[in-house]
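>>> next one to model:
(one chain, ligands or ions: 1)
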Amino acid sequence: MTLRKGRTIVVGTRQSALALTQTGQVIDGLRELSARHGMDYSFEIRKIVTKGDRILDVTLSKVGGKGLFVKEIEQALLDKEIDLAVHSMKDMPYELPEGLMNGAVPKRIDPRDCIITRGGEGLAELPHGARVGTSSLRRASQLQHYRPDLRLEPVRGNIDSRIRKLETEGFDAIVLAAAGLTRMGWQERMTAPLEVDVCLPAVGQGALGIECRQEDTEIRELLSLYNDPETELAVRAERSFLGALNGGCQIPIGAYATISGGSEEEPELQLTGMVGNPDGSTVLKEMRRGTDPEALGKEVADALRAIGADRILSEIGG
Ligand SMILES: NCc1[nH]cc(CCC(=O)O)c1CC(=O)O
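Residues are numbered from 1 along each chain as shown. Take a look at the predicted model:
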């Protein structure tokens, strides 16, 4: 690695508390890595307001645009106003614009969803007909499937305002990603994690993606040091699955991949994919193992199609 001095790396981020927090954590990681490799970079944060942030209080799933939280940030990358951008992997669109790439997938933290209940009981112990707040079709479908008596209702906003609404809007429980809470340092608010066989996470949940310009070899070199190869493989399998189903955000889709064996040179992945309908009356799941993440994603998508996912997809019109 060549010694480089003095470049200021401008990092773009949304301005939500979670986005700022995880961007700060990535910058800390990159700063430490670059120092360890004899590089001398400084970092600057540039906050960017996205369309998704402007319409957070409208029904997001009704707007339904892919990449609602990243478009303006990607434009800033292309315009060289920023040099890299930290995204929640699950908010990253499947296809990146020409000229941009995902330069690193850092090590994933807890991929699960979790429940926060007002009374401190777990999902199984909630009273009959309890009101559960979530605007995620994927969470609603699976929770309704597991507990048909629950009343699933939308709750919007950033994670801080959703936690507030647990108290102010009379929900018995809300469901959030464990990773978001953990990154904010709010783990103690979590009542219990939801195991993946009850609620399969969103594609990429718990992981981050760091987007950069393809031509910026200096940043790419730095980011490659921060990449976690196992997380990258798992996320590639999950995203291949998502791409193969061509699912918009109107469809309850989940996927979760882990390294299940193989060797260091050729790890074996295990990928579970899920497609459900919004009322949870049907939740389809398939699991396959394989070493090629892209092929594995397609294989699980095909397996789900073979047991009826196509019908759900065409009924909802994704
Ligand atoms: N949908 C918004 C969003 N995007 C990323 C996270 C945090 C979890 C993660 O980084 O995967 C959240 C909050 C949530 O789903 O509760």
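
>>> wait, a helix at residue 46?
No - under DSSP: H, G, I helix; E, B strand; the rest coil, residue 46 falls outside any helix and is assigned strand.

>>> ok, it to the ligand distance?
20 Å (CB to the nearest ligand atom, to the nearest Å). Every C-beta, even on glycine, is put in place using the N, C-alpha and C of the backbone.

>>> kindly report the same for residue 89.
6 Å.

>>> pLDDT value on the residue nearest to that residue when sequence neighbours are not counted, please?
In space, and not counting its chain neighbours, residue 89 is closest to residue 204: 3.2 Å by CB to CB, 6 or more residues apart in numbering. According to the prediction, residue 204 has pLDDT 98.

>>> next: residue 81.
The model's pLDDT for residue 81 equals 97.

>>> check contacts around residue 274.
138, 142, 200, 252-255, 283-285, 304 (CB atoms under 8 Å, 6 or more residues apart in numbering).

>>> per-residue confidence for the residue at minimal distance from the centre of the chain?
By CA atoms, centre = their mean, the chain has its centre lying nearest to residue 90, at 2.3 Å. Residue 90 is assigned a predicted lDDT (pLDDT) of 92.

>>> go on, residue 7?
Residue 7 is given a pLDDT of 88.

>>> if we can go back for a sec, got the contact list for the residue nearest to residue 89?
Residue 204 sits in contact with 88-90, 92, 235, 238-239, where contact means CB under 8 Å, 6+ apart.

>>> outline the domain layout of the protein.
5-106+207-227, 113-194, 234-313 (automatic domain parsing).

>>> how long is the second one end to end?
Start-to-end span of domain 113-194 (CA to CA, to the nearest Å) is 5 Å.

>>> flag every residue of the stretch 201-318 of the chain that's near the ligand.
Residues of the stretch 201-318 of the chain that fall close to the ligand, judged by CB under 6 Å from any ligand atom: 205-206.

>>> can you list the low-confidence ranges for the stretch 201-318 of the chain?
247-249, 317-318 (pLDDT under 70).

>>> who's in contact with the closest residue to residue 281 other than its chain neighbours?
The shortest distance from residue 281 to any non-neighbouring residue, by CB to CB, 6+ apart, is to residue 145 (7.5 Å). Counting by CB under 8 Å, 6+ apart, residue 145 touches 276, 280-283.

>>> let me know the next secondary structure element after the host helix or strand of residue 145.
Here residue 145, judged by DSSP states H and E, is contained in helix 137-146. Where DSSP H and E defines the elements, the next helix or strand beyond helix 137-146 is strand 151-153.

>>> the residue nearest to the centre of the chain and residue 84: what is the separation?
19 Å (CB to CB, to the nearest Å).

>>> what of residue 71?
With CB to CB as the criterion, residue 71 and residue 84 are 16 Å apart.

>>> which strands or helices does the strand or helix carrying residue 294 pack on?
Per DSSP H and E, residue 294 falls inside helix 293-306. Packing partners of helix 293-306 (3 or more CB pairs under 8 Å, 6 or more residues apart in numbering; DSSP states H and E): helix 229-245, strand 253-262, strand 267-276, strand 283-290.

>>> what's in contact with it?
233-234, 236-245, 255, 257, 269, 271-275, 284-290, 309.

>>> report the buried residues of it.
Across helix 293-306, burial judged by 16 or more other CB atoms under 10 Å covers 293, 296-301, 303-305.

>>> thinking again about what came up before, is the helix holding residue 145 in proximity to the ligand?
No - Helix 137-146 is not in contact with the ligand by CB under 6 Å from any ligand atom; minimum separation 8.6 Å.

>>> next one: that helix to chain centre, how far?
In terms of CA atoms, centre = their mean, to the nearest Å, the centre of helix 137-146 is found 17 Å from the chain centre.

>>> what is the mean pLDDT for it?
Mean predicted confidence for helix 137-146 is 97.

>>> re the thing from before, looking at residue 71 and residue 84, which one has more neighbours?
When residue 71 and residue 84 are compared for neighbours, residue 84 comes out ahead with 26 against 17, by other CB atoms under 10 Å.

>>> residues contacting that one?
9-12, 77, 103, 210-212, 219, 223.

>>> hmm, back to that, tell me which residues touch the residue nearest to the centre of the chain, please.
177, 202-205, 207.

>>> now swap in residue 276 and tell me
Applying CB under 8 Å, 6+ apart, the residues near residue 276 are 138, 141-142, 145, 252, 282-284, 312.

>>> 6 Å instead?
141, 252, 283 (CB atoms under 6 Å, 6 or more residues apart in numbering).

>>> rewinding a little: filter the contacts of helix 293-306 to the buried ones?
233-234, 236-245, 255, 257, 269, 271-275, 284-286, 288, 290, 309.
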